[in-house]
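Trainee: Got a predicted structure plus its sequence, pasted below:
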Amino acid sequence: MSGPRGVLQVGERVLLLDARDRRYLVTLQPGSHFHSHLGSVAHDDLIGRPEGIELRTSGGARLWAFRPTLADYQLKMKRGAQVVYPKDVGLILVHADIAPGAVVVEAGTGSGALTLALARAVGERGRILSYEVRDDHLARARSNIEAWYRAIGCEPHGIELRNADVFAEPPEVAADRIVLDLPEPWRGVGTTTGCLTPGGILCCYVPTVPQVVRTVEAMRSGGFGHIEVLESLVRSWNVEGPSVRPDHRMVGHTGFLIFGRKLTKEVPGPTDTAMEEPSRGG
């Protein structure tokens, strides 16, 4: 079993970084070699060594070896559909308040990138119920999820993948949070969201402004309040001694995130209509 303190082992996925921060994800196998334009590196030179080690390729280039973070894996794993970028995953986890023990309904699963982050956030006491209508996407997501858990040395827990339409088959669980990464999330307001507990949070991820408008309108008329729309733009900076400047490229618009809280519909209680008027004196 691999671990954060142990040495790199056979079968582990390792992230190789070069001097220009280019990243290569490899699975360690005895006798194998990693090849790139920088030259080759023998897997045997990594097996049994600690992560963070520096090594040289056959061409003399420097590489550093680390265990991949979840964000590294999400960007490098095989895709059946476009993944939710780590910058947006972070906002989802914080603004939707995905916490240990929570029950979260997700649709669609896509390649499983967000599913993995949600599962990590809810922990062993939580549950993820993820819907995907496409067989091929679900198969890819299942493979990616199993590969990640295999790499960290444990079994997937609390994740249920369903090959179903969340609009046609609304969840039967009491959900604390719902995350919809679908072209028409407004279709689920009032039906799919019926399983959301009062005060629960609905999060919708859409790429265009017209989708934002329709979703927000549906949420406002469908029993949601405290609605906010966010967009995340991330730009890295280059620091070389006294030369400090922003990089020429940045991770710009990927999608809009819409968050709303489910309101409670209560029958108003009796009001005290027999309150005495202030004494007028005489």
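Mentor: Perfect, thanks for sending it.
Trainee: shouldn't V212 be in contact with F256?
Mentor: Yes: using C-beta atoms under 8 Å, V212 makes contact with F256 at a distance of 5.0 Å. Glycine gets a C-beta too; all of them are placed from N, C-alpha and C.
Trainee: Name the residues contacting each of these two.
Mentor: Counting by C-beta atoms under 8 Å, 6 or more residues apart in numbering, the common neighbours of V212 and F256 are 206, 229.
Trainee: buried stuff in the longest strand along the chain?
Mentor: For the chain, the strand with the greatest residue count under DSSP state E is strand 196-206. By neighbour count with 16 or more other C-beta atoms under 10 Å, strand 196-206 contains the buried residues 196, 200-206.
Trainee: Check those and tell me the two furthest apart.
Mentor: G200 and V206 (19.6 Å; C-beta to C-beta).
Trainee: What ranges in the protein fall below the confidence cut-off?
Mentor: 1-5, 266-282 (pLDDT under 70).
Trainee: Next, the residue positioned nearest the centre of it: phi, psi?
Mentor: By C-alpha atoms, centre = their mean, the mean C-alpha position of the chain lies nearest to L114, the distance being 2.8 Å. Main-chain torsions, L114, degrees, to the nearest 10: phi -70, psi -30.
Trainee: next one: G225
Mentor: According to degrees, to the nearest 10, G225 has phi -130, psi -180.
Trainee: Just to check, it is in contact with F259?
Mentor: No: in this structure, G225 is not within contact of F259 by C-beta under 8 Å, at 10.9 Å.
Trainee: For this structure, just list every one of the helices.
Mentor: 70-76, 86-95, 113-122, 135-152, 209-221 (DSSP state H).
Trainee: in the longest one, what's buried?
Mentor: It stands for helix 135-152. Applying 16+ other C-beta under 10 Å to helix 135-152 flags 137-138, 140-142, 144-145, 148-149, 151-152 as buried.
Trainee: quick one on the thing from earlier: burial measure for the residue nearest to the residue nearest to the centre of the chain when sequence neighbours are not counted, as a count.
Mentor: Among residues not flanking L114 along the chain, V84 sits closest, at 4.5 Å (C-beta to C-beta, 6 or more residues apart in numbering). Residue crowding around V84 was assessed by other C-beta atoms under 10 Å; the count is 23.
Trainee: V84: what's it in contact with?
Mentor: Contacts for V84 (C-beta under 8 Å, 6+ apart) come out as 74, 92, 110, 113-114, 181, 205, 254-255.
Trainee: out of those residues, which is most surrounded?
Mentor: Of the contacts of V84, with other C-beta under 10 Å as the count, A113 tops at 29 neighbours.
Trainee: ok, it - contacts?
Mentor: A113 sits in contact with 74, 77, 83-84, 89, 144, where contact means C-beta under 8 Å, 6+ apart.
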